[in-house]
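Undergrad: my questions are about this predicted structure, shown below with the sequence.
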Amino acid sequence: MRTEPYTFGLPSGTFIPENYDNHIERRLTDMKGQYLDQDAYRAMLDQKDTLLYEVYEFKRPEVAGELLHGISIVHPGKVGSEYFMTKGHFHSVLETGEIYYCLQGQGVMVMETPEGEWAVEELRPGRVLYVLPRWAHRSVNTGQDEDLITFFVYPGDAGHDYGTIEQKGFRKLIVDGGDEAFSVIDNPRWGNADS
Ligand code: S6P
Ligand code: ZN
């Protein structure tokens, strides 16, 4: 782990940071129960365990005062009519905010609170998104053929609660909008996503 202040470059074209510490890959199998069209999900998985998104992280102590940061890359594609997306999570310390800065691509952040509020904010290059404390968040690539690339930063002691979303899903889903860029629809399986 670095013991002195540092900088890193984000090479144009890939935005894969120089000297990252950790590379995470998430595939179809990691999204079991999350996509609405389960037949399309199974058919796709029968072909290949497609890579949906990747995260490049810098290692920092997971304590208050530190800021965890890295790059998230969601690849383009759909399962049925639903776009490739991240698992999404609450932070274990619910009262935790997070900043995203969009570097490339077109997408949205789907967010909701335990109290039932929801929001969908567009991500496009040059836009900064502040995810308020208490809001679960999932990034979705609504682009045709380009990666959605964001830089993220959040408090070191935040932790992650993936279980709530794995069990319930998000209240809103992002699907192909036909003539529109995308549509936001109610998740008919909200509350029992993993069944
Ligand atoms: C972490 C932050 C991002 C996500 C990344 C992948 O708090 O929100 O680094 O980890 O976008 O999403 P997920 O939901 O699989 O962690
Ligand atoms: Zn987060």
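TA: Received it, and whenever you're ready, just let me know what you need. Remember, predicted model here, so these are calculated numbers, not experimental data. Ligands and ions are numbered 1, 2, ... in the order given.
Undergrad: near ligand 1, which residues of this protein show up?
TA: 26, 55, 70, 72, 86-89, 98, 137, 139, 152, 154 (C-beta under 6 Å from any ligand atom). Glycine gets a C-beta too; all of them are placed from N, C-alpha and C.
Undergrad: out of those, which are buried?
TA: Neighbour-count burial (16 or more other C-beta atoms under 10 Å) is assigned, among the residues of the chain next to ligand 1, to Arg26, Val55, Gly70, Ser72, Thr86, Gly88, His89, Glu98, His137, Ser139, Phe152, Tyr154.
Undergrad: mind listing what's buried along the helix ranked longest in the chain?
TA: Criterion DSSP state H: the longest helix present in the chain is helix 38-47. Judged by neighbour count (16+ other C-beta under 10 Å), helix 38-47 contains these buried residues: Tyr41, Met44, Leu45.
Undergrad: repeat for stretch 131-145
TA: Val131, Arg134, Trp135, Ala136, His137, Arg138, Ser139, Val140, Asn141, Thr142, Gly143.
Undergrad: any residues touching stretch 6-24, and which ones?
TA: Residues from elsewhere that reach stretch 6-24, judged by C-beta atoms under 8 Å, 6 or more residues apart in numbering: 1, 54-59, 70-71, 73, 103-104, 149, 151.
Undergrad: swap the cut-off to 7 Å and go again
TA: The contact list for stretch 6-24 (C-beta atoms under 7 Å, 6 or more residues apart in numbering) reads Glu54, Val55, Tyr56, Glu57, Phe58, Lys59, Gly70, Ile71, Leu103, Gln104, Ile149.
Undergrad: circling back: farthest pair in the buried residues of stretch 131-145?
TA: Arg134 and Gly143 (28.6 Å; C-beta to C-beta).
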